[in-house]
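# Fold the following.
(one chain, ligands or ions: 1)
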Amino acid sequence: MTQQTQQQIKHVEHFINGERTAGTGDRTQEIYNPATGEVSGILHLTTDEDLQATVAAARKAADTWGDVSLAKRTAVLFKFRELVAAHTDELAALITAEHGKVLSDAKGEVGRGLEVVEFACGIAEQLKGEFSDQFSTGIDVYSFRQPLGVVAGITPFNFPVMVPLWMAPVAIATGNAFILKPSERDPSPSLLIAELWQRAGLPDGVFQVLHGGKEAVDGLLTHPDVDGISFVGSTPIAKYVHETATKHGKRVQALGGAKNHAIVLPDADMDSAADNLTAAAFGSAGERCMAVSVAVAVGEAADLLVDKLAERAKDITVGNGMDASSDMGPVITPASRDRVVRIVTAAEEAGAAVVVDGRELIVQDHENGFFVGPTVLDRVRQDMEAYEEEIFGPVLVVLRVDSLEEGIEIINANPYGNGTAIFTSSGAYARQFKRRVTVGMIGVNVPIPVPVAWHSFGGWKASLFGDHHIYGPDGVRFYTRGKAVTERWPEPHHASGASFAFPSSG
Ligand code: NAD
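Residues are numbered from 1 along each chain as shown. Got it, this is the predicted structure:
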């Protein structure tokens, strides 16, 4: 490394108890710019000592923050909302520099995160509780919710701003202290988020950032002072997180991977379906948990759909996400690119037709970037790796089926159940589809049906472990515990004597 490049490389530190700190250890990891292949930063990894300090600060902060009035908590949320909105460009630039997605997409990600902050600004409405006046004579019953205490969020690389914002605003608004363990691949935006919380007036220790890999995650999953875990990432790790943290007595929601199918019926508006599928398959280089990675073409829809998809996929401009002319950026690592290429080759050898081939793509002046071009595979079968695996790259596989019935059976047999969509002009087929599929989020002529923040997000089957979906009303339930109070204020001098029958209403 030359002296000059060393100077350009930034150090990404933890944010513990209101301060940036390199922590107590000397273990570090390189951060890459996937568009250039260059090292852009050095990430400081946690030690057990740092982790203990973070959890202790969170515990202390939770005890006081949970008692702060709803009005004061909400004021911080409103201020935070303004600051995130004002720093959208800066956050988006940090995302693109480390993740690679195009800037417009990165700004969209910030916008969807902001939406959850806006939901959390209305937390007073969500925490109103329930009241039964005079349920029994002289007895009122009411229920309300209180914070869990200390909760940790463990997040994936593909949405370094949005996914932390699926969690933290709701956790904090409901009175918890939140520890973020972001992905090691694109950790910088989380530090700006921490600063924005601080500038919004959030007390030290309520939002902290701790960096690391498995050791940091394990430390949080097993720590007796951590009460809840929100996880978003791949299915094997989600399952592991769920099992380990529940074994240690914690409340857990662990969202996993996906293989999202879109059924296209012959009566669909084929241009609109092809536009939507192209955006949903290749946006963010396919690195979205709600990417459409399987098109299920019914009957005579297939030939026309594949032609239109091929036309559009060939038109996509791949390049540096910072460049406004790019539609699609690189994938996250060279290993990820090599895996995509290997899976496409295996599918070809197993009989799939490579209609558009992104394997050989070289982006000019970015020869060391981690690029792979949009790829469309037709005539894929369910026993091929390209169908069985979540590829998490710019690959759209097309399955041809004879009927809607057959399409639904394929979707329901798939182990994942995150999102799905149907493209049709028939309300009756759409209704049948949405009622029968075993998937958590459904789009009708909408390809990426990510629910708005006032609803909750979550898949079924291997796409979610735990009982609660994330953000929205389920998020409020996840980060709080209910209490029910049965209350009587006896009138003076009206003691009625002890009764030994089980109390009932009257
Ligand atoms: P990942 O599972 O590799 O990592 C997620 C988090 O887990 C990171 O913070 C990472 O540090 C940590 N981690 C990794 N290996 C671990 C281990 N062995 N033990 C403990 N912790 C570990 O996921 P990723 O590659 O960062 O993200 C992509 C995946 O996330 C895809 O599968 C995608 O579908 C999924 N995802 C799902 C959703 C959803 O809402 N369901 C949303 C976004 C991403």
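# Check which element follows the helix or strand of the chain with the lowest mean pLDDT along the chain.
Least confident helix or strand of the chain, by mean pLDDT, DSSP states H and E, is helix 3-8 with a mean of 55. Per DSSP states H and E, the first helix or strand lying C-terminal to helix 3-8 is strand 10-12.
# Please work out the average pLDDT along that next one.
Across strand 10-12, pLDDT averages out at 97.
# Strand partners (parallel or antiparallel) of it?
strand 38-44 (parallel) (DSSP bridges).
# Just the CA atoms of the stretch of helix or strand P189 belongs to, as PDB, please.
P189 belongs to helix 188-199 when assigned by DSSP H and E. C-alpha atoms of helix 188-199 as PDB (Å, rounded to 0.1, in the frame of the first residue of the first chain):
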ATOM      1  CA  SER A 188     -19.800   3.200   7.500                       C
ATOM      2  CA  PRO A 189     -23.400   4.400   7.200                       C
ATOM      3  CA  SER A 190     -24.200   3.000  10.700                       C
ATOM      4  CA  LEU A 191     -21.800   5.500  12.200                       C
ATOM      5  CA  LEU A 192     -23.400   8.500  10.500                       C
ATOM      6  CA  ILE A 193     -26.800   7.100  11.800                       C
ATOM      7  CA  ALA A 194     -25.300   7.000  15.300                       C
ATOM      8  CA  GLU A 195     -24.200  10.700  15.000                       C
ATOM      9  CA  LEU A 196     -27.600  11.700  13.800                       C
ATOM     10  CA  TRP A 197     -29.300  10.100  16.800                       C
ATOM     11  CA  GLN A 198     -26.900  11.900  19.100                       C
ATOM     12  CA  ARG A 199     -27.600  15.200  17.400                       C
END
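# From the contact counts, what lies against it?
Judged by 3 or more Cβ pairs under 8 Å, 6 or more residues apart in numbering; DSSP states H and E, helix 188-199 is in contact with strand 10-12, strand 14-16, helix 70-86, helix 88-99, helix 162-173, strand 177-181, strand 207-209. Just so you know, the C-beta spots here come from the backbone N, C-alpha and C atoms, and that holds for glycine as well.
# Repeat the analysis, applying 7 Å as the threshold.
The helices and strands touching helix 188-199, judged by 3 or more Cβ pairs under 7 Å, 6 or more residues apart in numbering; DSSP states H and E, are helix 70-86, helix 88-99, strand 207-209.
# Only the buried residues of it, if you could.
Across helix 188-199, burial judged by 16 or more other Cβ atoms under 10 Å covers 188-194, 196-198.
# tell me which of these is nearest to Y387?
P189 (33.4 Å; Cβ to Cβ).
# The closest one touches L94, doesn't it?
Yes: contact criterion Cβ atoms under 7 Å: P189 and L94 qualify, at 4.5 Å.
# Stretch 323-342 spans what distance, first to last residue?
28 Å (Cα to Cα, to the nearest Å).
# rewinding a little: could the buried residues of helix 188-199 go into TSV alongside pLDDT and distance to E409?
Formatted as TSV, the buried residues of helix 188-199 follow (pLDDT from 0 to 100; distance: Cβ to Cβ, whole Å):
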residue	pLDDT	distance to E409
S188	98	44
P189	98	41
S190	98	42
L191	98	47
L192	98	46
I193	98	43
A194	98	47
L196	99	47
W197	99	47
Q198	98	52
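# what's the closest of these to K128?
W197 (25.2 Å).
# Look up the closest residue to that closest one, ignoring the ones flanking it.
F207 (4.4 Å; Cβ to Cβ, 6 or more residues apart in numbering).
# List the residues that contact the residue nearest the centre of the chain.
With distances taken as Cα atoms, centre = their mean, V163 lies nearest the centre of the chain, 4.1 Å away. Contacts here follow Cβ atoms under 7 Å, 6 or more residues apart in numbering; on that basis V163 touches 155-156, 232.
# now, which of the residues you listed lie within strands?
V232 (DSSP state E).
# restrict the contacts of V163 to contacts with the ligand.
With Cβ under 6 Å from any ligand atom as the criterion, those include 155-156, 232 near the ligand.
# Run through the residues that contact I123.
By Cβ under 7 Å, 6+ apart, the neighbours of I123 are 70, 74, 173-174.
# rewinding a little: and the helices and strands packed on helix 188-199: which comes nearest F144?
Nearest of the helices and strands packed on helix 188-199 (Cβ to Cβ): helix 70-86, 11.3 Å.
# Outside of that closest one itself, list whatever touches it.
For helix 70-86, using Cβ under 7 Å, 6+ apart, the contacting residues are 110, 114, 117-118, 120-121, 123-124, 127, 169, 173, 175, 196-197, 199-202.
# List the buried residues for that helix?
Buried, per 16+ other Cβ under 10 Å, within helix 70-86: 73-74, 76-77, 79-81, 83-84.
# Chain neighbours aside, what residue packs nearest to A93?
Nearest to A93 is L103, by Cβ to Cβ, 6+ apart, at 7.1 Å.
# What is the burial count for F131?
By other Cβ atoms under 10 Å, the residues close to F131 number 12.
# that's a strand at it, yeah?
Yes: assessed by DSSP: H, G, I helix; E, B strand; the rest coil, F131 belongs to a strand.
# Let me know the distance separating it from the ligand.
35 Å (Cβ to the nearest ligand atom, to the nearest Å).
# who does that residue bridge with?
Y142.
# Check Q146 too.
Applying DSSP bridges, one finds that Q146 bridges with R481.
# pretty sure I229 is in a strand, no?
Yes: counting by three-state DSSP, I229 is part of a strand.
# ok, it touching T222?
No: the criterion here is Cβ under 7 Å, and I229 misses it with T222 at 10.4 Å.
# mind listing the helices in the stretch 201-350 of the chain by residue range?
214-222, 235-247, 270-282, 301-314, 334-349 (DSSP state H, counting those that start in this stretch).
# mind giving me TSV with those and columns for distance to I263 and mean pLDDT?
TSV is the format used below for the helices of the stretch 201-350 of the chain (distance: least, Cβ to Cβ, whole Å; pLDDT from 0 to 100):
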stretch	distance to I263	mean pLDDT
helix 214-222	36	98
helix 235-247	23	98
helix 270-282	10	98
helix 301-314	9	98
helix 334-349	21	98
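# before we move on, the earlier item: ok, the ones next to the ligand among the contacts of V163 vs the ligand, which is closest?
P156 (3.0 Å; Cβ to the nearest ligand atom).
# number of nearby residues for the closest one?
By the measure other Cβ under 10 Å, the count of residues near P156 is 23.
# tell me the phi and psi of the closest residue to it other than its chain neighbours?
Nearest non-adjacent residue to P156, counting by Cβ to Cβ, 6+ apart: G233, 4.4 Å away. For G233, the backbone dihedrals are phi 180, psi -150 (criterion: degrees, to the nearest 10).
# any idea how far A310 is from G233?
32 Å (Cβ to Cβ, to the nearest Å).
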